[in-house]
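**Student:** Compute the structure for the input listed below.
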Amino acid sequence: MISRRALLAAPLAPLLLRGANAPLKLAHAQPCMGTMFRVVAWARDEEAGYRAIHSAFARANELDAKLSDYKPQSELSDLMREGFAKPFPVSEDLFRVVEAAQRLAEETDGLFDISIGPLSRLWRECRNSGSLPAPDVLREARSRVGYRHIVLDRKTRCIRLARDGMQLDLGGIAKGFAADAMRTVLAKAGVPASMVASGGDIAAGSAPPNARGWAVELDPGEEFPGAKVLLSLRSRAVSTSGAHRQHFTIDGVTYSHIIDPRTGLGLTRQTAVSVVAPSATQTDALATTASLMEPSAAIAFLSRHGGVGGRVFLPPTAEGRIAETRSTRGFAEYLVRSGNR
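**Tutor:** Here you go, the predicted structure:
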């Protein structure tokens, strides 16, 4: 069984199955994109297996250098500095991420919006200061947000930011994209039976030896009693999003790190949303978006996407509301066990 805790404790030395030609279980973890990335993979040759894993991490670091809004010399930072004056040519990686984000923004009328960078930066300041932003400061930041002001040209592979001072935040999609890219590197290197975890996103490749799929435990934590589930995944990804991952309290109200573009503030609804789909790029973005919706709307939204399964867990409250789980029909396909058994 692989959980986030299990991956953290995964040994760096190979684990052997019986038999001279039996595959080896390899594991490695290192920080990237502001979180810990972890890989578990099965390979018949230890040296070649670790070479593939290190190539996968090199790919993740390459993407971090392109997609980070924290690094002043990243390609994304270059775009934000220079993309207002004229269309800015970008790499295929950056274009694909922004293109995928814009499709979801169009579908949700801006509920998923990577142009929330001004609000993300403001919210980080609020988290550090322990106070909400002044109304005029919040209005100014919101005035620079709007996905319709991101203009893409696929023919020239250029992006233009049509409003001065725009800042992009790819935090709701970039880690999933990186997990997919790492899984692709591993498969091309002859290591298809692999699993990549990037924060709350997990991309599973071919099944391990003698298994139907990767056993992935989703456990949002003690604040969500009864939410733990065990999934079996093969060539699928899963992401879990919600206030359980990062949150803080101001004036008695608990806010999530997920920003609601409609208010400019962190989400206050306490839910844990898990999404299963063919790619982690999809699950990362869809889980973030569904977290911003009322539970019934989130399930309807996820159900409209082919090949996607989802679950929304509402924890019990001090006011007496009991825990509640809502799932799409497709989610049960991956479910092995639910509850805290």
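**Student:** center of this structure - which residue?
**Tutor:** Asp284 (3.4 Å; Cα atoms, centre = their mean).
**Student:** contacting residues for it?
**Tutor:** If you count contacts by Cβ atoms under 8 Å, 6 or more residues apart in numbering, Asp284 has them with 172-177, 200-201, 239. (C-beta placed from N, C-alpha, C; glycine too.)
**Student:** tell me the two of these that are most distant?
**Tutor:** Farthest pair in these (Cβ to Cβ) is Phe177 and Gly200. Separation: 13.8 Å.
**Student:** Please point out which parts of stretch 253-270 sit buried.
**Tutor:** Within stretch 253-270, the residues that count as buried by 16 or more other Cβ atoms under 10 Å are 255-261, 264-267, 269-270.
**Student:** What lies in contact with that stretch?
**Tutor:** In this structure, residues lying in contact with stretch 253-270 by Cβ under 8 Å, 6+ apart are 110-111, 113, 116, 119-120, 122-123, 132-133, 138, 141-142, 145, 172, 223, 241-249, 288, 291-292, 314-315, 317.
**Student:** so how far is it off the chain centroid?
**Tutor:** 17 Å (Cα atoms, centre = their mean, to the nearest Å).
**Student:** and what of stretch 78-91?
**Tutor:** Offset of stretch 78-91 from its chain centre (Cα atoms, centre = their mean): 25 Å.
**Student:** first to last residue in that stretch, what's the distance?
**Tutor:** Start-to-end span of stretch 78-91 (Cα to Cα, to the nearest Å) is 12 Å.
**Student:** returning to that earlier point: quick one: the residue nearest to the centre of the chain from Val191, how far?
**Tutor:** 23 Å (Cβ to Cβ, to the nearest Å).
**Student:** again, but for Pro31
**Tutor:** Separation of Pro31 from Val191 (Cβ to Cβ): 22 Å.
**Student:** In terms of packing, which of the two has more residues around it?
**Tutor:** It is Val191, of Pro31 and Val191, that has more neighbours when counted by other Cβ atoms under 10 Å, with 28 against 9.
**Student:** The more buried one belongs to a strand?
**Tutor:** No: the assignment for Val191 by DSSP: H, G, I helix; E, B strand; the rest coil gives coil, which leaves it out of any strand.
**Student:** hmm, back to that, how about the nearest residue to the residue nearest to the centre of the chain, chain neighbours excluded?
**Tutor:** Leaving out its chain neighbours, the residue that sits closest to Asp284 by Cβ to Cβ, 6 or more residues apart in numbering is Gly176, at 2.8 Å.
**Student:** Check which helix or strand the one you found maps to.
**Tutor:** Applying DSSP states H and E as the criterion places Gly176 in helix 174-188.
**Student:** on that earlier part again, by how many degrees do the helix or strand harbouring the residue nearest to the centre of the chain and helix 174-188 diverge?
**Tutor:** Using DSSP H and E, Asp284 maps to helix 280-291. If you take axes from the mean of the first three to the mean of the last three Cα atoms, to 10 degrees, helix 280-291 sits at 160 degrees to helix 174-188.
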